[in-house]
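In: Test case, fold it:
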Amino acid sequence: MLPVGVLTPMAEGLGTTPGTAGYSLTITGLVAAITAPVVPRLLGDFDRRAVVAVAMVLLAAGNALTALAQDFTLLVVSRTVLGIGMGVVWSLAAVIAPRLVTPRHAALAVSLAVSGVAAASVIGVPLGTLIGEAFGWRSAFGTLTASALLLAAALLIALPKLPKPAPTPDAARTGGRPLLRTPAVVVGLTVVVFLVTAHFAAYTFIRPVLETSTGISAAAIAAVLLTYGVFGLIGNFTSGALAAKRSRATVLLLALGILVAVAVLALFSALAAVAIAAIVVWGLAYGGVSVAGQIWMTRSATGNEENATGLYVGVFNASIALGAFLGGTVFELAGMTPLLWTAAALAFIALTTGLLGPGPSTSTREEAPEKIPCPSP
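Out: Residues are numbered from 1 along each chain as shown. Now for the predicted structure:
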């Protein structure tokens, strides 16, 4: 997410345009989209804790290469490495979390794990913007490199061993059905495609939009992005609680919030107060998309969670890539306002698809928690 906050100086440092620099999100998202669905099928009996730690080392390497990049070619390489690591992390994090708690706390566990996505906005983007303004955009990526290495070590220390999950009774009943032949899964993925594409088409270029329309300073933009992130974090936990009971209704409410926020921004972006209010609503709505969509998918494919999550993460990241690419293209060819209306139209399609199609089951089951040995002191 960091390129969002440092897009303008990053483009200048690489000798390219903001639209082209914005494609860095496309590269990462596309690689993660390819990696995530494959990961659950290749892991076998590998300890999931070790796999996630190795993925964090890959994230560190990708950020280090980004900090060193002098042109767009090396940026492509760095963001490819980053995408591989990100695909592994995303495909496992939301599946690992429920294994550490009892079923009644599964939704909260997923919310905590997926809150990292919202924290990327709360901490990563605004802090990266401030570091970039003070010490240069390369320093921001260097900070992420060190953080990822520390996190890799912390994961090995803090998590118990996580072997391949044992088959469940539900897996015997539903695991043989192809995920893409399950109506609720297909509808959920379709909603995610349009909603995430809409979000990243517009949000990738939020800094140029604010600079052009409102004329506010870089420091003020960092504050706006921080506010967006704070409300995104609130939206994450609120949506997780709501989606645990009604995942479909929650996703539709979030889609409506994004649609309204982007449309208001398209109409009144020149009014700083209105634009900031729209961004707050946008953060509150989008902050819950990851966790609510994750719960939609696991409820739609009970017993096949790892593969369903891998597919979901793949589609999610492909949509990030598509959104950043679409946003960069429309922004370069038509400008800010057509870009915002394009995003609003995509959010409307997501909302309509979710309203017309079937959703996941709302039933929940109480089971004994999976027994996982705790790490030695």
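In: thought residue 130 was touching residue 223?
Out: No. Contact criterion C-beta atoms under 8 Å: residue 130 and residue 223 do not qualify, at 9.4 Å. Bear in mind the C-beta positions are built from the backbone N, C-alpha and C, glycine included.
In: More neighbours: the two, which one.
Out: Neighbour totals were compared for residue 130 and residue 223, and residue 130 leads with 18 against 15 (other C-beta atoms under 10 Å).
In: Apart from its chain neighbours, what residue comes closest to that one?
Out: residue 222 (5.3 Å; C-beta to C-beta, 6 or more residues apart in numbering).
In: roughly how far out does the host helix or strand of the one you found sit from the chain middle?
Out: Using DSSP states H and E, the element containing residue 222 is helix 218-268. For helix 218-268, the separation from the chain centroid amounts to 13 Å (computed by C-alpha atoms, centre = their mean, to the nearest Å).
In: same deal with stretch 64-78?
Out: 22 Å.
In: List the buried residues of it.
Out: Residues 64-67, 69, 72, 75, 78 are the ones in stretch 64-78 that count as buried (16 or more other C-beta atoms under 10 Å).
In: Just give me the closest of those to residue 142.
Out: residue 67 (4.7 Å; C-beta to C-beta).
In: Wait, that closest one touches residue 142, no?
Out: Yes. When contacts are counted by C-beta under 8 Å, residue 67 is listed as touching residue 142 (4.7 Å).
In: so what does the helix or strand harbouring residue 341 touch, helix or strand wise?
Out: Assigned by DSSP H and E, residue 341 falls within helix 336-356. Contacts defined by 3 or more C-beta pairs under 8 Å, 6 or more residues apart in numbering; DSSP states H and E place helix 336-356 against helix 183-203, helix 206-213, helix 218-268, helix 305-333.
In: Pick out the shakiest of the ones you listed, pLDDT-wise.
Out: Sorting these by mean pLDDT places helix 206-213 lowest, at a mean of 77.
In: Quick check: buried residues in that helix?
Out: 206-210, 213.
In: what's in contact with stretch 26-43?
Out: 51, 62, 75-76, 79-80, 82-84, 86-88, 90-92, 164, 200, 306-307, 309-311, 313-325, 328 (C-beta atoms under 8 Å, 6 or more residues apart in numbering).
In: Take the buried residues of stretch 64-78 and write them to TSV, including secondary structure and distance to residue 297.
Out: Below are those laid out as TSV (DSSP: H, G, I helix; E, B strand; the rest coil; distance: C-beta to C-beta, whole Å):
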residue	secondary structure	distance to residue 297
64	helix	33
65	helix	32
66	helix	30
67	helix	34
69	coil	35
72	helix	35
75	helix	32
78	helix	30
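In: can you tell me the average pLDDT over stretch 9-17?
Out: Rounded mean pLDDT across stretch 9-17 is 85.
In: outside of that stretch, which residues touch it?
Out: 3, 18, 20-21, 24, 69-72, 75, 132, 136-138, 332.
In: Quick check: buried residues in the helix or strand hosting residue 20?
Out: Assigned by DSSP H and E, residue 20 belongs to helix 18-42. Within helix 18-42, the residues that count as buried by 16+ other C-beta under 10 Å are 18-19, 21-37, 39-40.
In: Kindly report the same for stretch 327-335.
Out: Quick answer for stretch 327-335 (16+ other C-beta under 10 Å): 327-331.
In: Off-centre distance for that stretch?
Out: On C-alpha atoms, centre = their mean, the centre of stretch 327-335 falls 22 Å from that of its chain.
In: likewise stretch 280-292?
Out: Relative to the centre of its chain, stretch 280-292 is centred 11 Å away, using C-alpha atoms, centre = their mean.
In: any idea how far residue 38 is from residue 111?
Out: For residue 111, the distance to residue 38 equals 26 Å [C-beta to C-beta, to the nearest Å].
In: coming back round to it: tell me the buried residues in the helix holding residue 341?
Out: In terms of neighbour count (16+ other C-beta under 10 Å), helix 336-356 has its buried residues at 336, 339-344, 346-351, 353-354.
In: Just give me the least confident of those.
Out: Lowest confidence among the buried residues of helix 336-356: residue 336, with 82.
In: Now that residue: closest residue in space that isn't a chain neighbour?
Out: Nearest to residue 336 is residue 209, by C-beta to C-beta, 6+ apart, at 5.3 Å.
In: Might you report the residue contacts of that neighbour?
Out: So residue 209 contacts 202, 265, 269, 336, 339-340 (C-beta under 8 Å, 6+ apart).
In: mind giving me CSV with the residues you listed and columns for distance to residue 180?
Out: Output for the contacts of residue 209, formatted as CSV (distance: C-beta to C-beta, whole Å):
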residue, distance to residue 180
202, 28
265, 35
269, 39
336, 36
339, 31
340, 32
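In: Out of those residues, which is nearest to residue 195?
Out: Distances from residue 195 to the contacts of residue 209, taken by C-beta to C-beta, are shortest for residue 202, at 11.7 Å.
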